[in-house]
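**Q** take this sequence and fold it.
(one chain, ligands or ions: 1)
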Amino acid sequence: MSTKILIINYKAYEEAFTKGIDIAKYSGELSKSSGVSIIVSPPFTILKETVKSAKTIAQGVSKLDPGAFTSHVTWFELKQAAVAGTLLNHSENRYSDPKTGELDYSSLKMAVEKCGNSGLETYVCVQNLEEAKEVLKMKPTGIAYEPPELIGGNISVSNSKPEIVKEFCSLVKSNSNSLALIGAGIKGREDAEKSVELGSDGLLVASGIMKSDDFKSVINDLVNGLNK
Ligand code: G3P
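**A** Predicted coordinates for the structure are as follows:
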């Protein structure tokens, strides 16, 4: 059985700063004992803190190389922060063409390649199967299917779209070496078990953990579901 992945996206929630370090410490410990690879994805300003206790990826990266660019976080900066990699193209921050609003595949590809060349892992979010077909050609570490309308809600992608999830996982696995991850509305053990049944290698979770009063028990539930 391959190692399952749980990515915790802290987003820009206030809780990222009030309990993000504790979540990282707990995740680092539980990764060692559970066999599930728990990866935290905090805001840029605390990356250097979370790397001390958990496998950490950034929430995004610029396609640019270091240079005279203001407010761009490059692959070089991520390397200096000693993170393992980055999320890319999350629905809340897509590589969109400013003129058309369409997904800008060539910019995304450039960012994936620059990260890959510098030894950073890349986890690329997609909104549908068409995007997954294009992105798998870029050979990222993982591709995460997240239907935007389910993000932040209480209906999980595994319950709401089992057929698409199944197709997504089989598409990614038969055509690439990338991991097939899913996210949106994932809240507990049942969602995690279902995702594995449908062929997924793991999960991306945000509100279910960040907004919980008991993040430890939610993380435990998810890990147990992934390990079933
Ligand atoms: O990156 C994960 C995220 O978009 C899913 O959010 O709150 O539905 O778990 P949430």
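
**Q** what about the strands in the chain?
**A** For the chain, applying DSSP state E gives strands covering 5-9, 37-41, 55-58, 85-88, 121-126, 142-145, 179-183, 202-205.

**Q** export only the CA atoms of the fourth one, formatted as PDB.
**A** Below are the C-alpha coordinates for strand 85-88, written out as PDB (Å, rounded to 0.1, in the frame of the first residue of the first chain):
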ATOM      1  CA  GLY A  85       7.500  22.400  -2.100                       C
ATOM      2  CA  THR A  86       4.400  24.300  -2.900                       C
ATOM      3  CA  LEU A  87       0.700  24.200  -3.800                       C
ATOM      4  CA  LEU A  88       0.000  25.900  -7.100                       C
END
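
**Q** picking that back up, quick one: which of the strands of the chain is nearest Asn159?
**A** strand 179-183 (11.2 Å; C-beta to C-beta). For every residue, glycine as well, the C-beta is placed using N, CA and C.

**Q** the closest one: partners in the sheet, and parallel or antiparallel?
**A** Here strand 179-183 has these sheet partners by DSSP bridges: strand 142-145 (parallel), strand 202-205 (parallel).

**Q** coming back round to it: just put the strands of the chain in JSON lines and tack on mean neighbour count and distance to Asp214.
**A** JSON lines is the format used below for these (neighbours: other C-beta atoms under 10 Å; distance: least, C-beta to C-beta, whole Å):
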{"stretch": "strand 5-9", "mean neighbour count": "25", "distance to Asp214": "14"}
{"stretch": "strand 37-41", "mean neighbour count": "25", "distance to Asp214": "16"}
{"stretch": "strand 55-58", "mean neighbour count": "24", "distance to Asp214": "22"}
{"stretch": "strand 85-88", "mean neighbour count": "25", "distance to Asp214": "25"}
{"stretch": "strand 121-126", "mean neighbour count": "25", "distance to Asp214": "26"}
{"stretch": "strand 142-145", "mean neighbour count": "27", "distance to Asp214": "25"}
{"stretch": "strand 179-183", "mean neighbour count": "26", "distance to Asp214": "21"}
{"stretch": "strand 202-205", "mean neighbour count": "27", "distance to Asp214": "14"}
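
**Q** quick one, helices of the chain?
**A** Along the chain, the segments classed as helices by DSSP state H run 15-18, 20-34, 47-50, 75-80, 105-117, 129-135, 157-160, 162-175, 189-197, 207-210, 215-227.

**Q** now for the second one, which elements pack on it?
**A** Taking 3 or more C-beta pairs under 8 Å, 6 or more residues apart in numbering; DSSP states H and E as the contact definition, the neighbouring helices and strands of helix 20-34 are strand 5-9, strand 37-41, helix 47-50, strand 55-58, helix 215-227.

**Q** the ligand is nearest to which of the strands paired with strand 179-183?
**A** Checking the strands paired with strand 179-183 against the ligand by C-beta to the nearest ligand atom gives strand 202-205 as the closest, at 3.9 Å.

**Q** of all the strands paired with strand 179-183, which one is nearest Val112?
**A** strand 142-145 (10.5 Å).

**Q** contact partners for the nearest residue to Lys194 once chain neighbours are set aside?
**A** Excluding the flanking residues, the one nearest Lys194 by C-beta to C-beta, 6 or more residues apart in numbering is Ser158, at 4.1 Å. Shown in contact with Ser158 (C-beta atoms under 8 Å, 6 or more residues apart in numbering): Val165, Ile182, Ile186, Asp191, Lys194, Ser195, Leu198, Ser200.
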